[in-house]
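Q: Requesting a structural model of the entry that follows:
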Amino acid sequence: MRPILALLVPIAFLGGLYFYMEHRPRAAASLHDFAPTAAEGKFSLDVTLTFAAGPDEFALDTNAAPSLLVQLRGQDVLRRRDAIAPGEPLHLDNLTDLRAGPNEFYVEATPADGTQLQARALRVRIFRDGNPLTEETLWSEPGEAVSGTIAVDIPNWAANEPAVDATP
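A: Numbering: from 1, shown residues only. As a prediction, this is how the structure comes out:
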């Protein structure tokens, strides 16, 4: 009886694993069968720092070290390598590649003087046709660079428009 049980347990385990592996890709593929919709409108972005920003002095490649970096889905939207004065609003018009629904921006700013042990902040505002969609402030720990993500949910205008009655 024990030898039969010793054979049945691995067969049941391997059979279940085989069944799972065969049916999982088809179920996962059906969840992702959609094309993202491009968001309609003219988008812009404002970034304002409360500190002087500059490239990282300790970076291995100082030419590639940004003082300010803004990314959308891993692609650079804004990359500055020069010094940025505190309070100077940085405005970026004609933001592209935004999609209707959730979007997430990654923002990172490096302080020019990293020896000061004080908290720093930066404010990010995102506009659609001049109207604010979101405004968030990211804070750093004392002596650290400011970095974080900003999530914005862009409503699809086509889905929110009421149906128009064409009858006279």
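Q: all contacts plus neighbour counts: C-alpha atoms, from now on.
A: Noted.
Q: neighbours of residue 3, just the number please.
A: By the other Cα atoms under 10 Å criterion, the neighbourhood of residue 3 contains 7 residues.
Q: same check, this time on residue 127
A: Other residues within reach of residue 127, judged by other Cα under 10 Å, total 18.
Q: pLDDT score for it?
A: In this model, residue 127 is scored at 92, pLDDT.
Q: can you pull up the bridge partners for it?
A: Applying DSSP bridges to residue 127 gives these bridge partners: residue 44, residue 132.
Q: wait, doesn't it sit right on residue 41?
A: No. Judged on Cα atoms under 8 Å, residue 127 makes no contact with residue 41 at a distance of 9.6 Å.
Q: Find the residue closest to the one residue sitting closest to the centre of the chain in space, skipping its chain neighbours.
A: Geometric centre of the chain, nearest residue: residue 104, 2.7 Å, by Cα atoms, centre = their mean. In space, and not counting its chain neighbours, residue 104 is closest to residue 151: 4.4 Å by Cα to Cα, 6 or more residues apart in numbering.
Q: Now for that neighbour: which residues touch it?
A: 102, 103, 104, 105 (Cα atoms under 8 Å, 6 or more residues apart in numbering).
Q: Show me where the chain has its strands.
A: Secondary structure of the chain (DSSP state E): strands at 43-49, 68-72, 75-80, 90-95, 101-109, 121-128, 131-139, 146-154.
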